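In: Next comes the sequence, and after it the predicted model I'd like to discuss.
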Amino acid sequence: MKFDLPSVLVSIKDGVIDLGWGHPSSRLHPTEAIRIASERLLASDDSTPLQYGATQGFGPFLESLSGFLSSQPAYGMPVDPRHLFLTAGASQGLDLACTLYAPAGSTVVVEEPTYFVIEKIFRERNLNVIGVPTDSEGMVVSKLESLLLDGLKPSLLYTIPTYQNPTGICLSNDRRHQLISLANEFDFHILADEVYQLIYFDQLPPKSLLAFDEGNRVISFGSFSKILAPGLRTGWIHSAPEIVKKFSDAALTFSGGGFNHYSSALIREVIDLGLLDSHVSILREEYSIRSNAMHQALKLYFGNEIEYTHPSGGYYFWLTFPKGFDANLLLPLAERIGVSYRPGNAFSESGSFPRQIRLAYTLFEVEELEEGISRLHEAYSKDNNGASLK
Ligand SMILES: Cc1ncc(COP(=O)(O)O)c(C=O)c1O
């Protein structure tokens, strides 16, 4: 008997250009690189990748990864392989960080808006979540400082410093320094979710937040989901040796050995063959073209009706519509017209973003992006709520 169970995370309705998902396009999946790397891995008589892996991660993988990151100008710092830890993706690493650093009932600070699943991850850990506003330079660190001076005692602070999800903004260098000093002064760790760090377009982003760390405060999370393939479920943590040791000694790690050991052995081949470097270059080039196409289409159809910052890297546009607009109300009409997006209030429990929407330019081809924006404008023009504003 067949049950027709789903194969992938998201099923997009036929005919809908769903700009709500920050997933890579199937056309860009590196199938050839994975085939070559798999052949090389399987040609060897070494069965080590099939054994339980070392708790910190497969050593040869950590060495190759350190070489790769050190060679990336966007990462901005040399990486010692002993400071890396293998994860099954950033999500898994972040969840494990809660086990190790955030006792139930403690408080985690997040940016407002922030990655739409992270608040749920923290809630499932019985953590309190406090949002700090962001502006064009990222988290407003002075606001955080006031909260800390008023007695807030977070166990952790979660930030996406580079090409933030959903706003696309980078935390400025000054604020990076200020954030680290606050972490030292008020004694909390910073979870720096840096999964978009390497996807820059014309200009290099600020260095990894870890490069600003003085005092072993930063735990940086990287992932192959955004630079190779999310199905590999592999990522890494980069941090001080004492922090890496804590992750390596966790009971979960010890029980199962290094997370996603086999995938990491495969990725090591991809890196050593130079195929990760070339794939990241392809993604940067292609996503830059797509973000420009989305920008042009937004200009063409919406003109001055909406506000946004053209992202300089990452996956997203964050649009602000005029006062009175409600992104949740427009959504059903937009989907009937054949386009979808993620409403702003999905990215914050505060409910402060009814007139914002997030669009991703990574999943669809240029022509589809143009058509998607044209449909979005059609929906906006037909929408009573929107129409009353014009
Ligand atoms: C900021 C951020 N963190 C983490 C993830 C998930 O990462 P992974 O696939 O490595 O678990 C995403 C995916 O969209 C993301 O945008």
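Out: Here it is on my side, so go on. Numbers count the residues shown, from 1 in each chain.

In: Send me the helix or strand where residue 329 lies as PDB with only the CA atoms.
Out: Assessed by DSSP states H and E, residue 329 sits inside helix 327-337. Provided in PDB are the C-alpha atoms of helix 327-337 (Å, rounded to 0.1, in the frame of the first residue of the first chain):
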ATOM      1  CA  ALA A 327       0.100  41.700   5.000                       C
ATOM      2  CA  ASN A 328      -2.000  38.900   6.600                       C
ATOM      3  CA  LEU A 329      -5.200  40.200   5.000                       C
ATOM      4  CA  LEU A 330      -3.600  40.400   1.500                       C
ATOM      5  CA  LEU A 331      -2.200  36.900   1.600                       C
ATOM      6  CA  PRO A 332      -5.300  34.900   0.500                       C
ATOM      7  CA  LEU A 333      -6.000  37.200  -2.400                       C
ATOM      8  CA  ALA A 334      -2.300  37.100  -3.500                       C
ATOM      9  CA  GLU A 335      -2.300  33.300  -3.400                       C
ATOM     10  CA  ARG A 336      -5.500  33.200  -5.500                       C
ATOM     11  CA  ILE A 337      -3.600  35.400  -8.100                       C
END
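
In: Shouldn't residue 357 be within a helix?
Out: No - checked against DSSP: H, G, I helix; E, B strand; the rest coil, residue 357 lies outside a helix; its state is strand.

In: okay, now it: neighbour count?
Out: Around residue 357 there are 30 other residues, counting by other C-beta atoms under 10 Å. (C-beta placed from N, C-alpha, C; glycine too.)

In: Next up, the contacts around it.
Out: Residue 357 sits next to 318, 319, 321, 327, 341, 342, 343, 344 when contact means C-beta atoms under 8 Å, 6 or more residues apart in numbering.

In: wait, doesn't the fourth one sit right on residue 320?
Out: No - here residue 327 does not reach residue 320: they are 10.1 Å apart, not a contact under C-beta atoms under 8 Å.

In: ok so, going back, nearest to the ligand, of the contacts of residue 357?
Out: Distance to the ligand, by C-beta to the nearest ligand atom, is smallest for residue 342 among the contacts of residue 357, at 10.9 Å.

In: what residues go with each domain of this structure?
Out: 17-29+277-383, 48-274 (automatic domain parsing).

In: re the thing from before, overlap in contacts, residue 327 and residue 320.
Out: 355, 356.

In: Comparing those two, which residue is more hemmed in?
Out: residue 327 (21 against 15).

In: what number of residues lie near the spatially closest residue to the more buried one that is not a sequence neighbour?
Out: Nearest in space to residue 327, with sequence neighbours left out and distances taken as C-beta to C-beta, 6 or more residues apart in numbering, is residue 343 at 3.7 Å. By other C-beta under 10 Å, 20 other residues sit near residue 343.

In: And for residue 269?
Out: Neighbours of residue 269 (other C-beta under 10 Å): 24.

In: show me what contacts the residue nearest to it when sequence neighbours are not counted?
Out: Using C-beta to C-beta, 6+ apart and skipping the chain neighbours, the partner closest in space to residue 269 is residue 37 (3.7 Å). Counting by C-beta under 8 Å, 6+ apart, residue 37 touches 266, 267, 269, 270, 273, 275.

In: Quick one: distance of the longest strand belonging to the chain to the chain centre.
Out: Ranked by residue count and defined by DSSP state E, the top strand of the chain is strand 128-135. Its chain's average C-alpha position is 17 Å from that of strand 128-135, according to C-alpha atoms, centre = their mean, to the nearest Å.

In: Need the residues that contact it.
Out: By C-beta under 8 Å, 6+ apart, strand 128-135 touches 105-114, 119, 122-123, 139-140, 143-144, 147, 152, 154, 164, 167, 169, 348-350.

In: Tell me where the stretch 201-350 of the chain has helices.
Out: Shown for the stretch 201-350 of the chain, the helices assigned by DSSP state H, counting those that start in this stretch span residues 241-248, 251-256, 261-272, 275-302, 327-337.

In: Check those helices for me and report the most buried one.
Out: Greatest average neighbour count among the helices of the stretch 201-350 of the chain goes to helix 261-272 (a mean of 23), per mean count of other C-beta atoms under 10 Å.
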